[in-house]
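Undergrad: Sharing a model that was predicted from the sequence below.
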Amino acid sequence: MKIIGLSIPLIAAIALSACGSTQSERAVSGGAIGAGVGAVGSTVVGGSTLGGAVVGGAVGAATGALTDRSDIDLGKVPTF
């Protein structure tokens, strides 16, 4: 159950890491998302919240900085 609970925020963080028009905007948004996911994930598995936030933030910032705006195409927004 923990794997499923952690995979959803992780997938969302990866998908949203390309948010932003410039490389620095994507790095900042990716870092913020990564820090949040890292803190929650680390707390769930019994680790250090601060350590998880630091590692998650670094991975998120790197992912955001290394992606291009066109790398992740979420497609057309569905109309419900």
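TA: Done, it's in.
Undergrad: distance of residue 50 from residue 67?
TA: In this structure, residue 50 lies at 26 Å from residue 67, with C-beta to C-beta, to the nearest Å as the measure. All C-beta spots, glycine's among them, are computed from the backbone N, C-alpha and C.
Undergrad: Among the two, which residue is more densely surrounded?
TA: When residue 50 and residue 67 are compared for neighbours, residue 67 comes out ahead with 19 against 12, by other C-beta atoms under 10 Å.
Undergrad: Quick check: that one vs residue 45, distance?
TA: With C-beta to C-beta as the criterion, residue 67 and residue 45 are 27 Å apart.
Undergrad: For stretch 44-62, list the C-alpha coordinates in CSV.
TA: Only the C-alpha atoms of stretch 44-62 are listed here, as CSV (Å, rounded to 0.1, in the frame of the first residue of the first chain):
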residue,chain,number,x,y,z
VAL,A,44,5.9,7.7,5.6
VAL,A,45,8.7,5.2,5.5
GLY,A,46,10.1,6.3,8.8
GLY,A,47,13.1,8.4,7.6
SER,A,48,14.2,11.9,8.3
THR,A,49,11.7,14.5,7.0
LEU,A,50,14.4,17.1,6.5
GLY,A,51,16.7,14.6,4.7
GLY,A,52,13.8,13.6,2.4
ALA,A,53,13.0,17.2,1.6
VAL,A,54,16.6,18.0,0.8
VAL,A,55,17.1,15.0,-1.5
GLY,A,56,13.7,15.4,-3.1
GLY,A,57,14.3,19.1,-3.7
ALA,A,58,17.6,18.4,-5.3
VAL,A,59,16.2,15.7,-7.6
GLY,A,60,13.2,17.8,-8.4
ALA,A,61,15.3,20.9,-9.2
ALA,A,62,17.6,18.9,-11.4
